[in-house]
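Novice: Next comes the sequence, and after it the predicted model I'd like to discuss.
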Amino acid sequence: MFPKGRFGYQVEREVKLSPVKYFNARLLHYSGRFATNPEYLFFARFIIEQKKISDSINIALTKVHGQSLTASHLRSNAQSLQNLICQDQAYLFLRQIPGTPPYWQKFMYEVVAMVKQLGIPTWFMTLSCADLRWPELFQIIARTKGMNLTNEQVEALSYNDRCSMLNLNPVVVAKHFQYKVETFFTEVLLTTANPIGKIVHYALRIEFQMRGSPDLHALMWTSDCPKLTHENKQAYIEFIDNHVQACIPNRETDPQLHELVQTYQNHNHSKTCRKYKNVPCRFNFGQLFTKKTIVAEPLSDNIPEEVKSNTLTRRKEILHLVKEKIDNALNPNKPDYDSKLTEADIFSSLGISEEQYYWALSISPDSHYELHLKRPVDSCFINNYFVAGIKGFAANVDLQPVFDHYKCVTYVCSYFTKDETECSQAIMNAAKEAKTANLNVKDGLRKIGAAFLSSREVSSQECVYRCMPELWLRKIFPKTLFVSTDLPEKRVRVAKTQQELDALDNDSTDIYKSNIIERYMIRPNCIPTVDNLCFSRICCTLL
């Protein structure tokens, strides 16, 4: 790759290149020899993140608790500054490095702040990467090799040929997925057609599957969704029915949609379904059928506990019987699958009536609402979707309504920081070892950074995302800004450089760099419009 051993990332140049710019240029080189070399890709990620960790350590060493000291005190006692350095940087200094557990923790805090300020989102959406089924992707890859593939030639490619093309071109695949996501938002979701309502806010995260391909998870707030209450229940049901479906479309009236739903929205049980013990499918398939969308409401608090307990027990018995029948007779992947079964057949075989079944569906098992989407008997294993979504993205599109505040927050807290347990544990173990060995702050942070670099498994496509700045792993609208409201002496401040400290008078306490709170306090009071601005308004102008 470097036959003359020149022009590496450490070479002195007239225009200095950071590792990010250098490797970005290499990965986009016209020949493709860098982008198709897995070893080079992982090497690039290591060097880029090593540099970011080093820079983060240097910044962390300037962050101190804002106690009042004079410049002469710091100059005469250099250890004083070291004693003020925040000792919890074992986790926080990695926040600016994409993909790290602190990075996702910060994202989680931002989303929780959005829920607190904006209310619960309307939808939780997942867009999967169907790279093996996107013919245009294989045509793009072929063109980078100087070939032109027709649709017929793409169709003729074997599974192994497709996997080989994708594995050897992670940069093209990652950038194509990102392009599809951004185009999908601008050309479908955020248009005046409002296929899932008028979106006003959103929080997006890119996650990587076990096979290495990316998925998008999104929380979206709309301005036209009615709030789910007892009085507003029917309006909420109409909104849901207008935007999300859970049925197999008619083959005659819309053959394209029928084919897309059958290809991408059919749920097949896999080992990921059995992630939790004693739960046959954590996604709750097969789903209960119903002629119309039903909002199940909790039982009244005025009902005696014994009556409530008996009611919930009977509800559970009825739905359990139906669920077993669905799993055995309505799963298309089982030999006993019967496509001609009707609701009446199922009720008759179980010895229950239609009234009893719909009565059970109308009751929530806890103190929260529960939603059962309109779903025919033949669609119990069809994932939720919306028509514009599956037609526009041509992949699995999962759209789930969100209506419970508590469940939303707990789900966000667990979901947006998932799959980082092992890496987080390695970081915390390194922090404990550094403390036990009595390492100084800088050496301790270096040990923690090394633990992160060596403990996290990543796919080649995730490498691309973490190497190329134009590919984002998370995105939020509107932006969020954290402002410390702690007491002044407990706030984290950035200390001035040694050169700046040396230039100060001995009695000066101006040892910290200016921050947003300080700039707000010294705003000109001679201008009424500025003087009357509240602090939060000032913060909003900086976003």
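Specialist: It's in. Numbers count the residues shown, from 1 in each chain.
Novice: CA only for contacts and neighbour counts going forward, please
Specialist: Fine.
Novice: Regarding the residue most central in space within the chain, which helix or strand does it belong to?
Specialist: With distances taken as CA atoms, centre = their mean, the chain has Arg205 as the residue nearest its mean C-alpha position (2.7 Å). Counting by DSSP states H and E, the element that carries Arg205 is strand 199-208.
Novice: which helices and strands sit right next to that strand?
Specialist: Contacts defined by 3 or more CA pairs under 8 Å, 6 or more residues apart in numbering; DSSP states H and E place strand 199-208 against strand 214-222, strand 474-477.
Novice: and after the longest one, which helix or strand comes next?
Specialist: Scanning forward in sequence from strand 214-222 by DSSP H and E, the next helix or strand is helix 233-243.
Novice: for the chain, where's the lowest mean pLDDT among helices and strands?
Specialist: helix 79-84 (a mean of 51; mean pLDDT, DSSP states H and E).
Novice: one step back: strands paired with the strand holding Arg205, and their directions?
Specialist: In the sheet containing strand 199-208, the strands it pairs with under DSSP bridges are strand 214-222 (antiparallel), strand 474-477 (antiparallel).
Novice: deepest of those strands, which one?
Specialist: Comparing the strands paired with strand 199-208 by mean neighbour count (mean count of other CA atoms under 10 Å), strand 214-222 ranks first with a mean of 22.
Novice: Using CSV, write out the CA atom coordinates for it.
Specialist: Taking C-alpha atoms only, strand 214-222 is exported to CSV below (Å, rounded to 0.1, in the frame of the first residue of the first chain):
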residue,chain,number,x,y,z
PRO,A,214,-26.1,-0.8,11.0
ASP,A,215,-29.6,-0.2,12.2
LEU,A,216,-31.3,3.1,12.9
HIS,A,217,-33.4,3.6,16.1
ALA,A,218,-35.4,6.8,16.4
LEU,A,219,-37.7,8.5,18.9
MET,A,220,-39.9,11.0,17.2
TRP,A,221,-42.2,13.7,18.5
THR,A,222,-45.2,14.9,16.4
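Novice: Need the CA coordinates for stretch 121-131. CSV is fine.
Specialist: Output in CSV follows, covering the C-alpha atoms of stretch 121-131 (Å, rounded to 0.1, in the frame of the first residue of the first chain):
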residue,chain,number,x,y,z
PRO,A,121,-42.4,10.9,22.0
THR,A,122,-45.1,9.8,19.7
TRP,A,123,-43.2,7.0,17.9
PHE,A,124,-40.3,4.7,18.4
MET,A,125,-39.0,3.6,14.9
THR,A,126,-36.4,1.1,13.7
LEU,A,127,-35.0,1.0,10.2
SER,A,128,-33.0,-2.1,9.4
CYS,A,129,-30.2,-2.5,6.9
ALA,A,130,-31.4,-4.9,4.1
ASP,A,131,-28.0,-4.6,2.3
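Novice: Give me the contacts around it.
Specialist: 115, 137, 166, 173, 177, 213-222, 225, 393-403 (CA atoms under 8 Å, 6 or more residues apart in numbering).
Novice: residue contacts, Cys163?
Specialist: Contacts for Cys163 (CA under 8 Å, 6+ apart) come out as Leu132.
Novice: tell me which residues in the helix or strand it falls within are buried?
Specialist: With secondary structure defined by DSSP H and E, Cys163 is part of helix 159-167. Going by neighbour count (16 or more other CA atoms under 10 Å), the buried part of helix 159-167 is 165-167.
Novice: can you put the residues you listed in CSV and add pLDDT and distance to Phe289?
Specialist: Compiled in CSV, the buried residues of helix 159-167 are given as follows (pLDDT from 0 to 100; distance: CA to CA, whole Å):
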residue, pLDDT, distance to Phe289
Met165, 91, 41
Leu166, 90, 39
Asn167, 89, 40
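Novice: I'd like to know which elements the lengthiest helix in the chain is packed against.
Specialist: Using DSSP state H, we find that the single longest helix of the chain is helix 305-329. On a contact count with 3+ CA pairs under 8 Å, 6+ apart, helix 305-329 meets helix 343-350, helix 354-361.
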